[in-house]
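Participant: sharing a model prediction with you, sequence too.
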Amino acid sequence: MLMTGVLSAGPLDVMVNPGDLSKDHASLEKDCKSCHKPFNKDKQNEMCMSCHDHRDIASDVNSRTGYHGRIRDQECRTCHTEHKGKSAKIVHINNRTFDHAKTDFKLVGKHRSSSVECKQCHQPSKKYRDAPSDCFSCHRKDDTHKGSLGKDCGSCHIADDWKKVRFDHSKTKYPLVGKHLDVKCSACHKNADHKNTPTTCIACHRRDDEHRGKFGSECKTCHTPKDWSINLFNHGRSTRYPLRGKHKTIACKTCHTGNLYKQKLQTRCIACHRTDDVHKGQEGNECQQCHNETRWTSARFDHGLVAFPLLGKHIKVKCKDCHPKSTFKDAPVECYACHKKDDEHKGRLGTQCEQCHNARSWRYWSFDHNRQTGFLLMGGHKGLRCEACHTQPTGKSASISSRCNSCHDDDDIHNGQFGDHCERCHVTSDFKKIKTIPGLH
């Protein structure tokens, strides 16, 4: 009891004083009870935060906000050690290691840069917590809008780059789409207050109008913000001339050389393609009967409707192989005219190739001598090569004499005494065999 009385009286406090207090607490140096409760260390934090200077810290701890509300629970003296002398600093902050994310203002973007010093935001004469957290307080000088758009800079700008904005233009009367999303604000907003900015295409794109006003000022009728070069105008729906094939890709001015609303264009192919007519008018003016818009050089002419239908290998032959001239009507229809160089018979079987050959393949041929001629092949005549009898070139027809002596004159051992009708005695199976003639010995 005596000891308790002495401690409460105060002299012993002075005797056990571990050292002088810091300058900020110097006025409490003779009143230990202001900060300590005898024999009760658990009350230490409570007494620290009950001080009028630390009530805001107590609020942070209780609400789990601010720096002190986010760090792990521990005694105040763990970080803030007193009795180290009047010049001692009881607030120890390492600017390089301090975790700003545990405060109410997390450093992001350029705020994390090493070029940004603490003193740029934290004034020496004020507490760290009193530093402003709104953009405008620090970036007033960077506001090109001069306050006309308010002070909530964060609604548009980001900490990564002040020049980059995240303003939601879709909430305005002019939502940004396509290439407009990549355009700098200053390209459309000539004034920093962003007011009175025009919303018509021609107001910004007059210099891009290749039509020089001939197509009017409603650019959006054809163009889109996604790509100025894309033409959305539906020629088929808006006019009586739908664009197909290559017509889709040509520039409007290729056909529309005058004022769009005054010039009346012809829709016939020959009106534009007269210089492309390699037939020189020989095939008429209805180009669409053969040609199409996909490719001018790809014709869809039906050869089956003319006197020479294309069959077999002829289907794959290029037009120019038979039609050396683009007038086309000068091309011959006889096989021999094109295939003379392929004639292995050298004209000995005439020029009517189609009697044996067909368009499927030149190597495939079929000729029935017994059915197609008046000379039946029998006996020794079977299996002979055509050239064995057809020895000389002929005209159009391959006809030759059917008399025996025309081929066998050298074989006539009678020297013509029995005439030239060898077949009366001889047979085709063997020239040496003689027919048995009743009554003849």
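Facilitator: Cool, the structure landed.
Participant: okay, now the residue nearest to Pro309 when sequence neighbours are not counted: neighbour count?
Facilitator: Excluding the flanking residues, the one nearest Pro309 by Cβ to Cβ, 6 or more residues apart in numbering is His303, at 5.9 Å. Any C-beta I mention is one placed from the backbone N, CA and C, and that applies to glycine too. The burial count assigned to His303 is 14, neighbours taken as other Cβ atoms under 10 Å.
Participant: go on, Pro324?
Facilitator: Residues contacting Pro324 under the criterion other Cβ under 10 Å number 10.
Participant: next: Gly19.
Facilitator: Here the neighbour count serves as a burial measure; for Gly19 (other Cβ under 10 Å) it reads 11.
Participant: wait, it touches His83, no?
Facilitator: Yes: under the criterion of Cβ atoms under 8 Å, Gly19 lies in contact with His83, with a separation of 3.9 Å.
Participant: which residues of the chain fall in strands?
Facilitator: 357-358, 361-365 (DSSP state E).
Participant: return the most buried member of the ones you listed.
Facilitator: With neighbours defined as mean count of other Cβ atoms under 10 Å, the strands of the chain peak in mean count at strand 357-358, which reaches a mean of 17.
Participant: paired strands for that one, with orientation please.
Facilitator: Each strand paired with strand 357-358, and its direction, by DSSP bridges: strand 361-365 (antiparallel).
Participant: poorly predicted segments of this protein, please.
Facilitator: Along the chain, the parts satisfying pLDDT under 70 run over 1-16, 261-262, 437-441.
Participant: separation between Phe105 and Pro242?
Facilitator: Remark: distance between Phe105 and Pro242 (Cβ to Cβ, to the nearest Å) = 63 Å.
Participant: same deal with Cys185?
Facilitator: Using Cβ to Cβ, we find Cys185 at a distance of 41 Å from Pro242.
Participant: also Cys255?
Facilitator: Plainly put, Cys255 is 13 Å away from Pro242 if you go by Cβ to Cβ.
Participant: which one of these two has more residues nearby?
Facilitator: Counted by other Cβ under 10 Å, Cys255 and Pro242 do not tie: Cys255 has more neighbours, with 16 against 13.
Participant: ok, the more buried one - contacts?
Facilitator: When the contact criterion is Cβ atoms under 8 Å, 6 or more residues apart in numbering, the partners of Cys255 are 265, 272.
Participant: endpoint to endpoint, stretch 311-329 covers what distance?
Facilitator: Across stretch 311-329, the terminal residues are separated by 19 Å (Cα to Cα, to the nearest Å).
Participant: repeat for stretch 234-250
Facilitator: Its start and end residues considered, stretch 234-250 measures 14 Å (Cα to Cα).
Participant: what do you get for stretch 246-255?
Facilitator: Counting by Cα to Cα, you get 13 Å between the two ends of stretch 246-255.
Participant: what residues of that stretch count as buried?
Facilitator: 252, 255 (16 or more other Cβ atoms under 10 Å).
Participant: swap in stretch 37-57?
Facilitator: For stretch 37-57, burial by neighbour count (16+ other Cβ under 10 Å) applies to 45, 47-49, 54, 57.
Participant: alpha carbons of it, as CSV, please.
Facilitator: This file holds the C-alpha atoms of stretch 37-57, laid out as CSV (Å, rounded to 0.1, in the frame of the first residue of the first chain):
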residue,chain,number,x,y,z
LYS,A,37,-1.8,3.9,-16.4
PRO,A,38,0.3,2.3,-13.6
PHE,A,39,0.6,-1.4,-13.8
ASN,A,40,-1.8,-1.7,-16.8
LYS,A,41,0.1,-1.8,-20.2
ASP,A,42,-3.1,-2.9,-22.0
LYS,A,43,-4.4,0.6,-21.6
GLN,A,44,-1.5,2.1,-23.3
ASN,A,45,-2.9,2.1,-26.9
GLU,A,46,-6.2,3.4,-25.6
MET,A,47,-4.6,6.3,-23.9
CYS,A,48,-2.5,7.1,-27.0
MET,A,49,-5.5,7.3,-29.2
SER,A,50,-7.7,9.1,-26.7
CYS,A,51,-5.4,12.2,-27.0
HIS,A,52,-6.9,15.0,-29.0
ASP,A,53,-4.2,14.7,-31.6
HIS,A,54,-4.9,11.1,-32.3
ARG,A,55,-8.7,10.9,-32.3
ASP,A,56,-8.6,10.6,-36.1
ILE,A,57,-6.3,7.6,-35.8
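Participant: and His92, what does it touch?
Facilitator: Under the criterion of Cβ under 8 Å, 6+ apart, the neighbours of His92 are 79-80.
Participant: I'd like the distance between it and Leu181.
Facilitator: Here His92 is placed at a distance of 49 Å from Leu181 (Cβ to Cβ).
Participant: Arg300 now?
Facilitator: Summarising the geometry, the distance separating Arg300 from Leu181, computed by Cβ to Cβ, is 45 Å.
Participant: other residues contacting stretch 371-379?
Facilitator: Contacts of stretch 371-379 with the rest of the structure, by Cβ under 8 Å, 6+ apart, involve 355, 369-370, 384, 402, 427-430.
Participant: want to throw the residues you listed into CSV with distance to Lys164?
Facilitator: What follows is these, written out as CSV (distance: Cβ to Cβ, whole Å):
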residue, distance to Lys164
Gln355, 85
His369, 93
Asn370, 96
Leu384, 96
Ser402, 102
Val427, 110
Thr428, 105
Ser429, 106
Asp430, 109
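Participant: from the residues you listed, which is closest to Leu176?
Facilitator: For the contacts of stretch 371-379, the minimum distance to Leu176 (Cβ to Cβ) is 78.2 Å, reached by Gln355.
Participant: what is the burial count for the closest residue to the closest one other than its chain neighbours?
Facilitator: For Gln355, the nearest residue in space outside its immediate sequence neighbours is Phe367; the separation is 6.3 Å by Cβ to Cβ, 6+ apart. Burial measure for Phe367: 13 neighbouring residues, criterion other Cβ under 10 Å.
Participant: verify the stated contact: Phe367 with Gln352.
Facilitator: No: using Cβ under 8 Å, Phe367 makes no contact with Gln352, being 10.8 Å away.
Participant: run the chain-centre distance for stretch 390-398.
Facilitator: 66 Å (Cα atoms, centre = their mean, to the nearest Å).
Participant: how long is that stretch from one end to the other?
Facilitator: 8 Å.
Participant: show me which residues of it are buried.
Facilitator: Within stretch 390-398, the residues that count as buried by 16+ other Cβ under 10 Å are 390, 398.
Participant: next one: stretch 237-246 to chain centre, how far?
Facilitator: With Cα atoms, centre = their mean as the basis, the distance from the averaged C-alpha position of stretch 237-246 to the chain average is 25 Å.
Participant: meant to ask about stretch 234-251
Facilitator: Distance of stretch 234-251 from its chain centroid, counting by Cα atoms, centre = their mean, is 23 Å.
Participant: list the contacts of it.
Facilitator: When contacts are defined by Cβ under 8 Å, 6+ apart, stretch 234-251 is touched by residues 265, 267, 292-296.
Participant: nearest to His68 among the residues you listed?
Facilitator: Here the nearest of the contacts of stretch 234-251 to His68, counting by Cβ to Cβ, is Thr294; it sits at 76.6 Å.
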